[in-house]
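> A structural model of the following input is requested.
(chains A, B and C)
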Amino acid sequence: MKNSIVRSVVGVLVVLALAMVPGGAPIEAQGKGTVKIATQSPLSGGQAALGEGIKLGAQLAVEKFKGPLEKMGFKVEFVPYDDQAKPDVGVSNSKNIIADKDILAIIGHLNSGVAIPSSEVYKEVSLAMISPANTNPTVTDRKYTNVNRVCGRDDVQGVVGSEFAKSLTVKSVYVIHDKTPYGQGVAEFFRDDAKKKGLNVLGFEGTEEKSNFDPIVTPIRARNPDLIYFGGIYDQGAPFFKQAREKGVKSKFMGPDGMDSSDLAKIAGKNVVGMYYTSAAGPASALPKAKQFVEDFKKKFGKNPEPYAAEAYDAATVALKAIEAAAKGGKAPAREDVSVAVRKVKLAGITGDIEFDGKGDRKKALYFVLQVASDDPQKWGDNKIVKQLAIAPPSATAQK
Amino acid sequence: MDLPLLLGILPQVLLDGLILGFMYALIALGYTMVYGVLEFINFAHSEIFIVGAFVGVELLLGLKSAGLLDALPWPLVLVLVLVAGMAASGVLAVTVERVAYRPLRHAPRLIPLISAIGISFFLQDAIRLFESLWRNAFNLVYPTMDVLNVRFELTQTVDVSVKSLVVIVAALAMLGVLHLLVNRTKVGTAIRAVAEDQAAASLMGINVNRIISLTFLIGGAMGGAAGVLFGVQYGLINPYTGFIPGLKAFTAAVLGGIGNIPGAMLGGLVLGLLEALAASYLSLLTGGAFGAEYKDIFAFSVLIVILIFRPKGLLGEVIRGRA
Amino acid sequence: MIIQSALAVAAVAVSSTAVATFPRSVLAFLAFQAAVLFVYLARVPRWLRIGLLGLALLVLMPLIGAYNGYYLEVATQVGIFVALALGLNIVVGLAGLLDLGYVAFFAVGAYSWAIPGSPHGNEIFGSGFPLPPSTFYLFLLVGLLVAAGTGVLLGLPVLRLHGDYLAIVTLGFGEVIRVLANNLDKPINLTNGPKGITPIGRPPAPFGLPYGEYFYFLVLLIVAIVILVNRRLEDSHIGRAWEAIREDEVAAQAMGVPLVRAKLLAFACGASFAGVMGVVFSAKQLFINPESFTFLESIGVLSMVILGGMGSIPGAVLGAMAVTVLNLQVLKGFSLWLNELKNAGVTILGFNLADLPTQFEPAKYERMIFGIILVLMMIFRPQGILPARRRQRELR
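Now for the predicted structure:
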């Protein structure tokens, strides 16, 4: 027994020794070297759809805007990593990423729980991280020089929502969230601000349920709030709103940018026509750039972009611009220089004008409140802007 | 506390719980069939179940694009889809047994469990790969048949939709058929014999492998039917949707007494009611301190308490002798 | 013996040179790991084995880590999971109690340092937090005790349950702990809910070690202690009692094995290892939230135990190593390599990989391959990679 194990281990050793050379040798770079942009997001498991949206959005941007860098003589590569939405996997990937000296920027993550420990690793080497999706205030409140985000903050978006709710002259609201850092975060800020503005918050509940919302809807129906706010993502929000409306709930519906997906209309159909959602990404119909993005995305990948794909696209564009700026000398830039350059980038992106403040938040994010216009997912781009608000993020001390 | 409000929603909450319970019961039947015969938790059943849902949605979408969805009478469509889902899941279950469990029949009990977990991982991503190639989609939406969405008002505060009624009827029918099959037919006798003692059964001229395949076929078909009904009821599926309901149904099967067919039904109903009551009432009763997010804790705590007093589940294990 | 000794020395020498030459090659590092494994298993004199293992783990590995911190991270995570697998091995492998919620103890340990070790403690107890980072060492003990206590707490009500009933209750328990952690931000903010706790304090590293190296050595030390305790336990009175319970509970009781005490001890021992590692994990990550403690983690640890060979200490070690390395390194390395080929536009059989549709992105299918490997392993080596000797004798 033991001998056969020993023999097989020897066998493995020999095979490995033989296989080592081709696998290990880095593929020869052309010209001045290789510049890599990596993404980290869940590509497998239950959150894969959103994670893949991030990957595809970034990939599209890299392919579209790598021209200038290639002209400077660099080979530009795109490297997707799967963090499986698990913090331990994310950290191990991060260590692998910082060991690859060619990687100069990282676009990620989806989950704040993965982003925070991973960014501690990026910080060791000042690797620029630009997050498309981590709205948790903690991400930037640590004031790391290498950590930035394109998306808004929970504490801003929730407030935008309640501000709009107030302007609808609703009196009572019911708040539901998905128990994720994102959904609960937005919902809490919505609730707190709504209370401050004198709205009657009838209930505040979380649920991890994805399919059956009957038991939650029943008490809501009995209490008949004027507006229901769902802090979460469309794949949970849409079934919830659908089941609520089918069960006869007449309240107005509202949600954060996690609802900004044509799949919301595809899943919930006519039940969500007239629903409101807040978003930093403008609708394709109003912004030509956003329209172009949706068309490019569809052409390349054959489907509509998920939420955060647009943010990932902008994040990757910022990264490329920063690398370009840092590489002005003609040499591949150092990571610190890229991180510094990211903070100096001014970009008119598809999610508005992007410019980072000292913490890595966007200086002033433009928020839209949109209203679902049609039950046809193809017409998602026709959703109307009902309100626009430009809001700067609060300073770190002001949170809570 | 608002007593009229609390009492006013009670009938609806109980009804919601029953519908959810029947859903769990349908899925639990698959776990219980296999467990009853092999004493083995078919961990991949949640994926076998969701495959039924996917076959169902594909057929419905096919019918829709052919313009037949509204042309054919809805009960016919429903039966067609159910049969397709059952066939696909049944065949898949038999294949999985043949490939991943049969070689391990005599291994220690935990070995097939890990194999089943492996199959479960594999199937999730295999479905995802297939759907991303075929439809380039992750979430699939069940096409709506308007008849199924009609709601009957039983009283002013209680109503029920046609699709929920379909779930209840189907669950009761399948329980009945399964019960008759196991207890009143020759095949059922063979299944019970194999459950009792494989060696002795094979000495009596029973083809044990065939009976085990048959058990998986039946269990898988139940899962497939549950998958289709799940899709019709809740409308949205993705390759990972099956996991949580599978876990809950497995819990229900254990709660009722695993291997016990009426037990699976009872366990499902109890679990469904517990969840519905917790999700609806916790927030109201505690003034918002606790809410629907505690429903699983509530359900699992009750489960633990029940099992302390009835360590073999509510109805006990009656695999042997009667199924 | 001489040939194997020479081979062992050569394997360590060659593989470490390979790592030094190709610091980014996953395969070189794998070869190094295989060499360490070979030394562990080969028939070599005791002094040589200890010497080589010491050299590899205490000197070479940290040196490699200085080249490439990623490998040190992998090695540290392997260590963490080895301790978890050894803990679960006591419960499942030795005592035969199927536990599907093991990660709950890991979570309990992690939170028992995260709360007092971060400013979050002030939300509960008023002021005075975070505690000075040097109390971390004390909290290793606290984490151990809290987790062991939780183990007894779980053990008490489920003593009468067997087999799959036990499995479902432990599964439920694991979920209860996770959901509690996710929800206890109100009415009292104990865990800060899904937003998690950060920054968690780290003890000052001695000798000015970088934190990567520090946590590697700390985990290595704990793993060494855990292995030692395990070996002692296995041959002790209580270890034999556990195995007796696993084989036949009624007979064991008839022979005078105190069932209640033995079972509770199994839960407590298994849980305590996870508790200690939880404390280390929270300090190493600087941040924890309930996402780290899902049911899938429990399943992962269980698969390590069974893959390695139930009830066997080397088996659990190897199983943890194999699964962790496979997930963090081999599958990732493979998909990165495919991605490199794709970026380079390599052509295979006339098909340009650059045209590969995004649906086939290799990084997306790591879990699928892991699933296939699990099934194949079970079919072709159901007793595990390194089965327990006593089991082996039974199987013959």
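> ok now do the closest residue to C:Leu307 other than its chain neighbours, which residues does it touch?
Excluding its sequence neighbours, the residue lying closest to C:Leu307 (C-beta to C-beta, 6 or more residues apart in numbering or on different chains) is C:Gly319, at 4.3 Å. Just so you know, the C-beta spots here come from the backbone N, C-alpha and C atoms, and that holds for glycine as well. By C-beta atoms under 8 Å, 6 or more residues apart in numbering or on different chains, the contact set of C:Gly319 is C:Ala85, C:Ser303, C:Met304, C:Val305, C:Ile306, C:Leu307, C:Gly308, C:Gly309, C:Gly384, C:Ile385.
> can I assume A:Lys242 is in contact with A:Met275?
No - when contacts are counted by C-beta atoms under 8 Å, A:Lys242 is not listed as touching A:Met275 (10.8 Å).
> returning to that earlier point: nearest to A:Val249, of the contacts of C:Gly319?
C:Ser303 (43.8 Å; C-beta to C-beta).
> My read is that that closest one contacts C:Leu374, right?
Yes - in this structure, C:Ser303 is within contact of C:Leu374 by C-beta under 8 Å, at 6.2 Å.
> Mind listing the shared neighbours of these two?
Common neighbours of C:Ser303 and C:Leu374, using C-beta under 8 Å, 6+ apart, are B:Ile114, B:Ile117.
> what about whichever residue of the stretch 1-150 of chain C sits closest to chain B, neighbour count?
Taking C-beta to the nearest C-beta, chain B has its nearest neighbour within the stretch 1-150 of chain C at C:Leu98, 6.9 Å off. Using other C-beta atoms under 10 Å in any protein chain shown, C:Leu98 has 21 neighbouring residues.
> my read is it is in a helix, agree?
No - using DSSP: H, G, I helix; E, B strand; the rest coil, the assignment for C:Leu98 is coil, not a helix.
> Who are the contact partners of it?
C:Leu98 neighbours (C-beta under 8 Å, 6+ apart): B:Leu110, C:Val92, C:Gly163, C:Asp164, C:Leu166, C:Ala167, C:Thr170.
> how about JSON lines for those residues, with neighbour count and pLDDT added?
Formatted as JSON lines, those follow (neighbours: other C-beta atoms under 10 Å in any protein chain shown; pLDDT from 0 to 100):
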{"residue": "B:Leu110", "neighbour count": "22", "pLDDT": "82"}
{"residue": "C:Val92", "neighbour count": "27", "pLDDT": "91"}
{"residue": "C:Gly163", "neighbour count": "14", "pLDDT": "75"}
{"residue": "C:Asp164", "neighbour count": "22", "pLDDT": "77"}
{"residue": "C:Leu166", "neighbour count": "21", "pLDDT": "86"}
{"residue": "C:Ala167", "neighbour count": "23", "pLDDT": "85"}
{"residue": "C:Thr170", "neighbour count": "25", "pLDDT": "91"}
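> Please name the nearest non-neighbouring residue to the residue of the stretch 201-350 of chain C found nearest chain B.
Nearest residue of the stretch 201-350 of chain C to chain B: C:Ile306, at 4.9 Å (C-beta to the nearest C-beta). Leaving out its chain neighbours, the residue that sits closest to C:Ile306 by C-beta to C-beta, 6+ apart is B:Ile114, at 4.9 Å.
> other SSEs contacting the host helix or strand of B:Val166?
In this structure, B:Val166 sits in helix B:162-184 according to DSSP states H and E. On a contact count with 3 or more C-beta pairs under 8 Å, 6 or more residues apart in numbering or on different chains; DSSP states H and E, helix B:162-184 meets helix B:3-38, helix B:146-149, helix B:186-196, helix B:208-234, helix B:261-285.
> at 10 Å what do you get?
When contacts are defined as 3 or more C-beta pairs under 10 Å, 6 or more residues apart in numbering or on different chains; DSSP states H and E, helix B:162-184 packs onto helix B:3-38, helix B:74-96, helix B:146-149, strand B:151-153, helix B:186-196, helix B:208-234, helix B:261-285.
> Tell me which of those approaches A:Gln371 most closely.
helix B:146-149 (24.1 Å).
> Give me the residue at the spatial middle of the chain.
I'll assume chain A. A:Ala133 (2.3 Å; C-alpha atoms, centre = their mean).
> um, chain C though
For chain C, C:Phe81 is the residue whose C-alpha lies nearest the centre (C-alpha atoms, centre = their mean; 0.7 Å).
> and it, what pLDDT?
C:Phe81 carries a pLDDT value of 96.
> Let's verify it: helix, strand, or coil?
Reduced to three states by three-state DSSP, C:Phe81 is helix.
> Nearest residue to it in space, please, no chain neighbours.
C:Phe81 sits nearest to C:Ala320 (C-beta to C-beta, 6+ apart), 4.2 Å away.
> List the contacts of the one you found.
The contact partners of C:Ala320, taken as C-beta atoms under 10 Å, 6 or more residues apart in numbering or on different chains, are C:77-86, C:88-89, C:223, C:300-301, C:303-305, C:307-308.
> neighbours of B:Val182, just the number please.
Neighbours around B:Val182, by other C-beta under 10 Å: 21.
> Would you agree A:Ala48 is in contact with A:Gln84?
Yes - using C-beta atoms under 10 Å, A:Ala48 is in contact with A:Gln84, at 9.1 Å.
> wait, which of the contacts of C:Leu98 is closest to C:Leu286?
C:Leu286 lies nearest to C:Thr170 out of the contacts of C:Leu98, by C-beta to C-beta, at 29.6 Å.
> Surely the closest one touches C:Ile299?
No - with contact defined as C-beta under 10 Å, C:Thr170 does not reach C:Ile299; the gap is 11.9 Å.
> any residues in contact with both of those two?
C:Leu100, C:Tyr102.
> Can you tell me the closest non-neighbouring residue to C:Val276?
C:Leu144 (4.9 Å).
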